[in-house]
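Engineer: model the structure of this input:
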Amino acid sequence: MKAFLGDISEIQVGYQSREGIRAHPDGSHFLLQARDFNNLHQVDWSNLTRFTPAGSMTKSEIQPGDVLFLAKGQDNFACPVNRVTNHVLAANSFYILRPDQATILPEYLAWWLNQKPAQEYIQLNRSGSSLPFLSVSALSRLEVPIPPIEVQRKIGELELLRKKEANLLGLYLLKKSTLIQSVCLNAIIE
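Structural biologist: The predicted structure is shown next:
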């Protein structure tokens with residue numbers, strides 16, 4: 001079965017500020033921006049910008065089960081929100097997808113949006129040259145294959161394991177490099 005993304009998920013635009021964001025250490029909210037993601041599209045929750053928003057923010061406050069989609073820029077990716085996030089707003093470069101979880105799981109939806117067929121659709125439907133972006137209407141027309149929920153769950157679990165393995169491999173390579181440098185430095189000192 002296939003469905004248009006707009007039929008199986010609510011799509012909200014991230015927080016939009018008229019004056020720009022002013023960081024404040026005692027701010028009431030945190031702002032999640034593209035720079036807060038690593039190369040595996042995982043969030044570093046420890047360095048979010050703290051600020052006090054102006055105006056309405058309820059629709060741009062992220063919650064577990066959401067999928068964040070970076071709609072602006074060259075690297076359009078999706079990331080599921082798997083943890084409780086109090087008072088965290090997604091920046092306006094993101095769309096917040098709230099999937100109908102009876103139909104599609106957030107982890108599966110994020111995985112699909114990062115796959116080659118979806119990425120090709122995204123690239124073909126972006127506008128703008130210096131800062132390309134995908135409109136809400138174009139994203140809502142993206143066709144999403146919907147396998148049974150159990151298959152979606154297994155794909156989501158495999159993707160999580162793949163990212164854990166990549167993180168561990170990166171840590172291993174860093175430690176190995178440090179060890180080799182230390183051994184080589186010790187060899188020339190003796």
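Engineer: can you give me the helices in this structure?
Structural biologist: Ranges of helices in the chain, per DSSP state H, are 5-8, 106-113, 116-125, 136-140, 149-189.
Engineer: buried residues in the shortest one?
Structural biologist: When burial is assessed from 16 or more other CB atoms under 10 Å, helix 5-8 yields the following buried residues: 5-6, 8. The C-beta positions use only the backbone N, C-alpha and C, and glycine is treated the same way.
Engineer: need the residues that contact that helix.
Structural biologist: For helix 5-8, contacts defined as CB atoms under 8 Å, 6 or more residues apart in numbering pick out 11, 97, 99-100, 103-104, 139-144, 146.
Engineer: out of these, who's the most crowded?
Structural biologist: Highest neighbour count within the contacts of helix 5-8: Leu97, with 27 neighbours (other CB atoms under 10 Å).
Engineer: now that residue: closest residue in space, sequence neighbours ignored.
Structural biologist: Nearest non-adjacent residue to Leu97, counting by CB to CB, 6 or more residues apart in numbering: Val67, 4.1 Å away.
Engineer: kindly report the same for Thr85.
Structural biologist: Ile62 (5.4 Å).
Engineer: tell me the contacts of that neighbour?
Structural biologist: Ile62 makes contacts with 32, 68, 81, 85, 88-90, 96, as judged by CB under 8 Å, 6+ apart.
Engineer: with respect to burial, which of the helices of the chain scores highest?
Structural biologist: Highest mean neighbour count of those: helix 106-113, a mean of 23 (counted as mean count of other CB atoms under 10 Å).
Engineer: show me what it is packed up against.
Structural biologist: Here helix 106-113 touches strand 67-70, strand 78-80, strand 94-99, helix 116-125, strand 143-145, helix 149-189, going by 3 or more CB pairs under 8 Å, 6 or more residues apart in numbering; DSSP states H and E.
Engineer: so which of these is nearest Gly55?
Structural biologist: strand 94-99 (16.4 Å; CB to CB).
Engineer: let me see the mean pLDDT of stretch 92-104.
Structural biologist: For stretch 92-104, mean pLDDT is 95.
Engineer: repeat that for stretch 11-20.
Structural biologist: pLDDT averaged over stretch 11-20 gives 84.
Engineer: and if you look at stretch 49-59?
Structural biologist: Taken as a whole, stretch 49-59 has a mean pLDDT of 79.
Engineer: only the buried residues of it, if you could.
Structural biologist: Within stretch 49-59, the residues that count as buried by 16+ other CB under 10 Å are 49, 51, 53, 57.
Engineer: isn't the first one up against Leu31?
Structural biologist: I take that to be Thr49. Yes. At 4.5 Å, Thr49 counts as touching Leu31 under the criterion of CB atoms under 8 Å.
Engineer: shared neighbours, these two?
Structural biologist: What both Thr49 and Leu31 touch, as defined by CB under 8 Å, 6+ apart, is the set Ile21.
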